[in-house]
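Trainee: sequence? don't have it. structure:
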């Protein structure tokens, strides 16, 4: 049977899906202002009773090189399984990256095998990675179930910085504005150095700097 298709949940039984088929389900969320977003997932139907596994969160995620990402899998024994060896405490957890962009050593799993972390500065901007969590029974490791998530590493925004920020100086003081602290978070994987362009405005909106021969010249401000 299939529950109503306009609620926040959709309940299916084995009478609806057929063995050997892959089903694509879509949910569209719409708010009061008419804005909407769509999420799609695939459900594959096996002829065997398998552990039920999901990766928490959406099926497609984004991150940046500096941020890294952590994932958590949720697993439980099949509702049809009756053997004690198929209980939640007798399941094996294996994490992998299936698009071959990362090796297993890049996936950090601690004492809790349900949780996996990809450390900062591991992913490459512009790439999409497919991470899989494979869950099987210790007693029957050949009977396993897999959940996947796609992780897109986005290019990070440039970060312009003038050292020491706003300040007050005396009329006879010489001062230096240092923009060398500006950075590109993706610089370690994208060749090339930053270029810089300076400008200045007075408090009445007029230009106060002119670049001539690589030097700044002060415009006289009419009194």
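Mentor: Looks like it arrived, so ask away. As the structure is a computational prediction, the values presented were derived from the model and not from experiment.
Trainee: Now do the phi/psi pair for residue 36.
Mentor: phi -140, psi 160 (degrees, to the nearest 10).
Trainee: in the sheet, who's paired with it?
Mentor: Residue 36 has the following beta-bridge partners by DSSP bridges: residue 30.
Trainee: Can you tell me how far it is from residue 72?
Mentor: To residue 72, residue 36 is 27 Å away according to CB to CB, to the nearest Å. For the C-beta atoms, the positions are set from N, CA and C on the backbone; glycine is no exception.
Trainee: ok, now residue 178?
Mentor: Taken as CB to CB, the span from residue 178 to residue 72 is 43 Å.
Trainee: before we move on, what about residue 108?
Mentor: Where residue 72 is concerned, residue 108 sits at a distance of 13 Å (CB to CB).
Trainee: Check the contact lists of the two and give me the overlap.
Mentor: Contact criterion CB atoms under 8 Å, 6 or more residues apart in numbering; residues shared by residue 108 and residue 72: residue 116.
Trainee: Now do the same contact list for the closest residue to residue 41 other than its chain neighbours.
Mentor: With sequence-adjacent residues excluded and distances taken as CB to CB, 6 or more residues apart in numbering, residue 41 is closest to residue 59, at 5.2 Å. Contact partners of residue 59, counting by CB under 8 Å, 6+ apart, are 39-41, 148-150.
Trainee: Where do the strands of the chain begin and end?
Mentor: Counting by DSSP state E, the chain has strands at residues 22-30, 36-44, 52-55, 60-64, 69-76, 91-97, 115-118, 128-137, 144-154, 209-212, 215-218.
Trainee: Quick one: closest of those to residue 161.
Mentor: strand 60-64 (17.8 Å; CB to CB).
Trainee: so how far is residue 178 from residue 168?
Mentor: 17 Å.
Trainee: Run through the chain and note the low-pLDDT ranges.
Mentor: 1-6, 13-15, 47-49, 51, 77-89, 188-193, 209-223 (pLDDT under 70).
Trainee: on that earlier part again, looking at residue 36 and residue 72, which one has more neighbours?
Mentor: residue 72 (14 against 9; other CB atoms under 10 Å).
Trainee: Quickly list what that one is bridged to.
Mentor: residue 115.
Trainee: Which residues are in contact with it?
Mentor: 55-56, 114-116 are the contacts of residue 72 under CB under 8 Å, 6+ apart.
Trainee: Would you format those as JSON lines with distance to residue 158 and neighbour count included?
Mentor: Listed next are the contacts of residue 72 as JSON lines, based on distance: CB to CB, whole Å; neighbours: other CB atoms under 10 Å:
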{"residue": "55", "distance to residue 158": "32", "neighbour count": "21"}
{"residue": "56", "distance to residue 158": "32", "neighbour count": "12"}
{"residue": "114", "distance to residue 158": "37", "neighbour count": "19"}
{"residue": "115", "distance to residue 158": "32", "neighbour count": "16"}
{"residue": "116", "distance to residue 158": "30", "neighbour count": "23"}
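Trainee: Put together JSON lines for those, with distance to residue 139 on each row.
Mentor: Output for those, formatted as JSON lines (distance: CB to CB, whole Å):
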{"residue": "55", "distance to residue 139": "24"}
{"residue": "56", "distance to residue 139": "26"}
{"residue": "114", "distance to residue 139": "19"}
{"residue": "115", "distance to residue 139": "24"}
{"residue": "116", "distance to residue 139": "24"}
